[in-house]
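>>> sequence plus the predicted model coming up.
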Amino acid sequence: MPDAAGAETPGLPSPRLQVRALRSSFGGPFELALGRGECVCIVGRSGSGKSVLLRLIADLDPGTGEVSLDGTPREHWSAPAWRRRVVYQPAEPAWWAPRAGDHFQGGDAVLVQASMQRLGLVPALLDAEVDRLSTGERLRLALVRSLAIGPRVLLLDEPTAALDEASVASVETLLRERLAQGLSLLIVTHAQEQARRMGARVFEMVSGRLYPR
Ligand SMILES: Nc1ncnc2c1ncn2[C@@H]1O[C@H](COP(=O)(O)OP(=O)(O)OP(=O)(O)O)[C@@H](O)[C@H]1O
């Protein structure tokens, strides 16, 4: 198994996600190893660099260093192909079409309906205009959309920040199930309790550097 800093033991399989000396002018260098079906939570003060790390891993910001998935370097894939395998969900997810359902075309409709039901979202929401949805509905729908892509790694930035207690519980239950099925999760959260409930390894971001807690 890799240690917290990301060093590997010879003879053992590579971690799902391996980050080495990853940096930009806004943070790093970052070292991180995330196993299959593992959850890592990142806590830290506002502006400390948590989103910077997620965006660097997702290849959305320019930076230097190495990122690999199941032992294969990121350079092996095109940027869109990487972002289907390593999905980043920002704290304020983007919507590019007026109708909610238009964001799910090409996805597995059965999986979408099932995930929506688990998160307390009625199917009629897909026919609604995104602007009419509540903040919490949009956040849960964004998670459904992220899961429907079928990522190996999901990078979630404050996925439950705007949700009530019951919705937080339903999101965490769904995510724990996906973890058990092998999905790897990196979650930025201000809720320390969330890390405990998710059974996560926890790091703290301080001034653009990660420290195990
Ligand atoms: N492209 C950019 N241009 C200018 N500054 C940037 C850029 N990207 C990140 N930063 C700066 O880097 C720092 C870390 O930002 P980041 O968004 O990662 O914070 P965060 O820890 O996610 O905070 P929060 O919890 O408030 O979301 C901030 O000071 C931010 O302004």
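Ah, there it is.

>>> okay, residue 8: pLDDT?
For residue 8, the pLDDT comes out at 52.

>>> and what of the one 4 residues further on?
Taken from the predicted model, the pLDDT recorded for residue 12 is 65.

>>> where does pLDDT dip in this structure?
Residues of the chain that meet the criterion pLDDT under 70 lie in 1-12.

>>> let's see that with 50 instead.
For the chain, the stretches with pLDDT under 50 are 1-7.

>>> are we agreed that residue 22 is in a strand?
Yes: under DSSP: H, G, I helix; E, B strand; the rest coil, residue 22 sits within a strand.

>>> for it, give the beta-bridge partners.
residue 30 (DSSP bridges).

>>> who are the contact partners of it?
Taking Cβ atoms under 8 Å, 6 or more residues apart in numbering, we find residue 22 in contact with 28-31, 53, 56-57, 63-67. Every residue, glycine included, has its C-beta placed from N, CA and C.

>>> just the ones in helices from those residues, please.
53, 56-57 (DSSP state H).

>>> top of those residues by number of neighbours, please.
For those, the largest neighbour count, defined by other Cβ atoms under 10 Å, is 32 neighbours, found at residue 53.

>>> what parts of the chain come near the ligand?
The chain has residues 26, 44, 46-52, 205 near the ligand, with proximity defined as Cβ under 6 Å from any ligand atom.

>>> just put those in CSV and tack on neighbour count and secondary structure.
Formatted as CSV, the residues of the chain next to the ligand follow (neighbours: other Cβ atoms under 10 Å; DSSP: H, G, I helix; E, B strand; the rest coil):
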residue, neighbour count, secondary structure
26, 15, coil
44, 22, strand
46, 6, coil
47, 12, coil
48, 19, coil
49, 22, coil
50, 27, helix
51, 22, helix
52, 22, helix
205, 22, strand
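
>>> quick one on the thing from earlier: okay if I get the ones in helices among the contacts of residue 22 as a markdown table plus distance to residue 200?
Listed next are those as a markdown table, based on distance: Cβ to Cβ, whole Å:
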| residue | distance to residue 200 |
| --- | --- |
| 53 | 15 |
| 56 | 20 |
| 57 | 16 |
